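> what shape does this take:
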Amino acid sequence: MQQLLEELKRRHQLAMATAYPPTASVNEFANNFLNWLFPEYMGKVMPDIVLVEEYAHMLQIELQHLLEPMQKQLPSDAVHLSQEFMSHAPAIYDALTKDAEALYQGDPAATCLYEVIRAYPGFVAIAFYRIAHTLHKLHIPLLPRMITEQAHSRTGIDIHPAAVIAPYFCMDHGTGIVIGETTIIGAHVKIYQGVTLGALSVDKDMARSKRHPTIEDNVVIYAGATILGGNTVVGHHSIIGGNVWLVKSTAPFSRVYYKADSSMNFIENSY
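Numbering: from 1, shown residues only. Sure, this is the predicted structure:
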């Protein structure tokens with residue numbers, strides 16, 4: 001027991017020296033930022049431009065305080081990074097507005113944009129990803145992954161913050177979707193529950209290589225499909241059927257689906 005206590009003491013001392021902010025504080029910032037952009041999300045409204053501007057300043061200070069304990073691990077000072085993040089707010093808002101519209105147009109059950117923003121797991125997951133991705137591009141460690149993992153735990157959708165996802169992204173139902181670190185997804189892509197965009201190998205030696213697929217514009221991927229490999233490119237305007245296992249590229253306008261005998265059928269350039 002004494003040996004364990006000594007080991008735990010060293011572990012706690014190391015954690016104190018690392019000084020990452022508490023998970024709850026990071027989660028609170030992400031939720032506050034999203035509610036600032038979309039008051040439908042939590043229903044906390046600020047119907048005055050002065051209040052909206054003051055809230056933006058509060059968010060910048062909130063992020064700054066999260067970053068200050070990590071200063072030694074940051075590429076520049078916490079004040080500059082928090083201001084830089086907030087300067088990207090218009091781009092985050094623009095992308096998420098398009099994502100919400102794609103979700104609304106892509107789901108016949110959606111009654112209005114308010115419902116999509118307030119209640120749809122696909123919107124929560126893509127929103128937290130876009131916040132995390134912006135932090136990732138600023139080379140801020142750990143916080144991006146903490147934010148996407150908050151969305152993962154709430155929605156069952158696992159998106160790595162380093163993935164590159166264009167606007168008008170629609171995740172219908174969403175549960176069980178996995179999008180790996182080096183995935184690239186074009187505009188107007190729709191994917192259903194249980195889709196995996198993953199790697200062919202999990203070898204640590206491949207950590208800095210392109211391991212996950214590229215999905216071009218206007219692709220639909222149906223439930224349970226698995227698409228693997230950094231060299232795998234799904235051409236634009238393609239449809240990937242449910243439960244397909246894909247490890248090679250497809251031409252634009254392709255249709256890939258399983259036949260009744262469990263073999264896979266490729267119909268390329270079907271336009």
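
> so what strands line up beside the least confident helix or strand in the chain by mean pLDDT?
Sorting the helices and strands of the chain by mean pLDDT, DSSP states H and E puts strand 264-267 at the bottom, at a mean of 74. Strand 264-267 pairs in its sheet with strand 255-258 (antiparallel), by DSSP bridges.

> identify each buried residue in the partner strand, please.
Residues 256, 257 are the ones in strand 255-258 that count as buried (16 or more other CB atoms under 10 Å). The way it works is simple: take the backbone N, C-alpha and C, and place the C-beta from them, glycine included.

> stretch 5-23 now?
Here stretch 5-23 shows 20, 21 as buried, counting by 16+ other CB under 10 Å.

> list the contacts of it.
65, 66, 67, 69, 70, 142, 143, 146 (CB atoms under 8 Å, 6 or more residues apart in numbering).

> what is the nearest of the residues you listed to residue 25?
Among the contacts of stretch 5-23, residue 66 lies closest to residue 25 (CB to CB), at 6.1 Å.

> mind checking how far that closest one is from residue 134?
Separation of residue 66 from residue 134 (CB to CB, to the nearest Å): 14 Å.

> coming back round to it: ok, and what's touching the least confident helix or strand of the chain?
Under CB under 8 Å, 6+ apart, the answer for strand 264-267 is 244, 245, 250, 254, 255, 256, 257, 258, 259.

> returning to what we had before: ok, of the contacts of stretch 5-23, which come out buried?
66, 67, 70, 143, 146.

> show me the residues you listed that map onto helices.
The members of the buried ones among the contacts of stretch 5-23 that map onto helices under DSSP state H are 66, 67, 143, 146.

> make TSV out of the residues you listed and add pLDDT and distance to residue 235.
TSV is the format used below for these (pLDDT from 0 to 100; distance: CB to CB, whole Å):
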residue	pLDDT	distance to residue 235
66	96	41
67	96	41
143	97	35
146	97	35
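
> with distance to residue 157 added, can I get those in TSV?
TSV is the format used below for those (distance: CB to CB, whole Å):
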residue	distance to residue 157
66	24
67	26
143	19
146	16
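
> tell me which two in the residues you listed are the farthest apart.
Counting by CB to CB, the most remote pair of those is 67 and 146, 12.8 Å apart.

> could I get the helix or strand where residue 80 lies in CSV with only the CA atoms?
Per DSSP states H and E: residue 80 is located in helix 78-87. The C-alpha trace of helix 78-87 is given here as CSV (Å, rounded to 0.1, in the frame of the first residue of the first chain):
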residue,chain,number,x,y,z
ALA,A,78,-2.7,32.8,-23.8
VAL,A,79,-4.1,36.3,-24.4
HIS,A,80,-3.1,36.2,-28.1
LEU,A,81,-4.4,32.7,-28.6
SER,A,82,-7.8,33.5,-27.0
GLN,A,83,-8.2,36.6,-29.2
GLU,A,84,-7.1,34.6,-32.3
PHE,A,85,-9.7,32.0,-31.6
MET,A,86,-12.5,34.6,-31.2
SER,A,87,-11.5,36.1,-34.5
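
> which ones are touching the residue nearest to residue 52 when sequence neighbours are not counted?
Closest residue to residue 52 apart from its sequence neighbours, by CB to CB, 6 or more residues apart in numbering: residue 46 at 5.1 Å. Contact partners of residue 46, counting by CB under 8 Å, 6+ apart, are 36, 39, 52, 55.

> just to revisit the earlier point, what's the offset of the least confident helix or strand of the chain from the middle of its chain?
Its chain's average C-alpha position is 30 Å from that of strand 264-267, according to CA atoms, centre = their mean, to the nearest Å.

> buried residues of that strand, list them for me.
Within strand 264-267, no residue qualifies as buried by neighbour count (16+ other CB under 10 Å).
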